[in-house]
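> kindly generate the corresponding structure for this input.
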Amino acid sequence: MKAVITVIGKDTVGILAGVSGVCAEYGANVVEVTQSVMQDMFAMIMMVDITSCTVPFKELTEKLKAMGEKFGVMVHVTHEELFNTMYRV
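Below you'll find the predicted structure:
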């Protein structure tokens, strides 16, 4: 099982570390990540393997959103199956 994490907001030090830290704390393994900084805006998409996650998906989502609030960015977590269904052509 995988999930897609998207983060968007004003760039600040520690966003990537914050997201990956929450993932590590709860056993979600970062599989792939891409990020860009355009002027002062931060955008990131991260694929994580949640197979060995130690908390339910909903709780992981809440923890990541709370971390995002701390940094002033929006964090969205989508289960891979839903993400694939939403973006099929």
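
> what helices and strands are in contact with the longest helix along the chain?
If you go by DSSP state H, the chain has its longest helix at helix 57-71. Helix 57-71 sits against strand 2-10, helix 15-25, strand 73-79, with contacts defined as 3 or more C-beta pairs under 8 Å, 6 or more residues apart in numbering; DSSP states H and E. Backbone N, C-alpha and C define where each C-beta goes, glycine included.

> with just CA atoms, put the first one into CSV.
Yep, that's strand 2-10 we're talking about. C-alpha atoms of strand 2-10 as CSV (Å, rounded to 0.1, in the frame of the first residue of the first chain):
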residue,chain,number,x,y,z
LYS,A,2,1.2,3.4,-0.9
ALA,A,3,0.1,7.0,-0.3
VAL,A,4,0.9,10.3,-2.1
ILE,A,5,1.7,13.3,0.0
THR,A,6,1.5,16.8,-1.5
VAL,A,7,2.8,19.9,0.2
ILE,A,8,2.4,23.4,-1.1
GLY,A,9,3.2,26.7,0.6
LYS,A,10,5.7,29.4,1.3
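
> chain center to that strand: distance?
With C-alpha atoms, centre = their mean, to the nearest Å as the basis, strand 2-10 stands 4 Å off its chain's centre.

> what comes up buried for it?
Neighbour counts over strand 2-10 (16 or more other C-beta atoms under 10 Å) mark 2-5, 7, 9 as buried.

> that one vs helix 15-25, what angle?
150 degrees (axes from the mean of the first three to the mean of the last three C-alpha atoms, to 10 degrees).

> contacts for strand 2-10?
15, 19, 23, 28, 31, 40-50, 57, 60, 64, 68, 71-80, 83 (C-beta atoms under 8 Å, 6 or more residues apart in numbering).

> redo that, cut-off 6 Å
Strand 2-10 is contacted from outside by 40, 42-50, 72-80, 83, using C-beta atoms under 6 Å, 6 or more residues apart in numbering.

> among the residues you listed, name the buried ones.
42, 44, 46-50, 73, 75, 77-78, 83.
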